[in-house]
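Undergrad: fold the following, please.
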Amino acid sequence: MDVKFENLKVMVIDDSKTIRRTAETLLQKEGCVVVTATDGFDALAKIADTKPDIIFVDIMMPRLDGYQTCALIKNNSEFKGTPVIMLSSKDGLFDKAKGRIVGSDQYLTKPFSKNELLGAIETHVGQA
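TA: The predicted structure is shown next:
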């Protein structure tokens with residue numbers, strides 16, 4: 001199965017500028033269109049406009065955390081089918097379980113590698 005990364009819309013939600021920039025650079029090199037957001041509120045405002053194909057969301061963020069953001073995305077009928085990948089610096093079972101409860105599709109531990117990022121996209125967007 002060969003996923004075309006060209007023009008694929010990817011949203012990266014993270015309060016860390018470094019993580020946003022790293023993901024953006026990696027994904028843009030593959031031809032993806034990347035939209036970044038600094039937190040859940042910022043992301044929710046942008047999702048309706050950009051309609052991303054896949055969303056990466058950090059768990060630990062101010063104001064609206066990754067779980068709340070994911071739950072809000074999955075509760076929206078227009079976006080409930082959009083894959084949401086949780087990003088966390090903790091590799092805890094509790095975090096993974098909680099991520100599943102709110103409807104996340106996968107869980108990546110930071111720092112993630114280029115292969116993990118692209119692999120997640122291949123896994124979830126390839127089914128579209």
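Undergrad: quick check: phi and psi at the residue nearest the centre of the chain.
TA: With distances taken as C-alpha atoms, centre = their mean, F56 lies nearest the centre of the chain, 1.0 Å away. Main-chain dihedrals, F56, degrees, to the nearest 10: phi -110, psi 130.
Undergrad: my guess is it contacts V12. True?
TA: Yes: in this structure, F56 is within contact of V12 by C-beta atoms under 8 Å, at 4.9 Å. C-beta: built from backbone N, CA, C; applies to glycine.
Undergrad: mean pLDDT per helix and strand in this structure: which one sits at the bottom?
TA: helix 93-101 (a mean of 91; mean pLDDT, DSSP states H and E).
Undergrad: for that one, buried residues please.
TA: Buried residues in helix 93-101, counting neighbours by 16 or more other C-beta atoms under 10 Å, are found at D95, K96, K98, G99.
Undergrad: now swap in stretch 59-77 and tell me
TA: 59-61, 64-74.
Undergrad: now, these that are in helices?
TA: Within the buried residues of stretch 59-77, residues falling in helices by DSSP state H are G66, Y67, Q68, T69, C70, A71, L72, I73, K74.
Undergrad: need the contact list for R21.
TA: With contacts defined as C-beta atoms under 8 Å, 6 or more residues apart in numbering, R21 has no neighbours.
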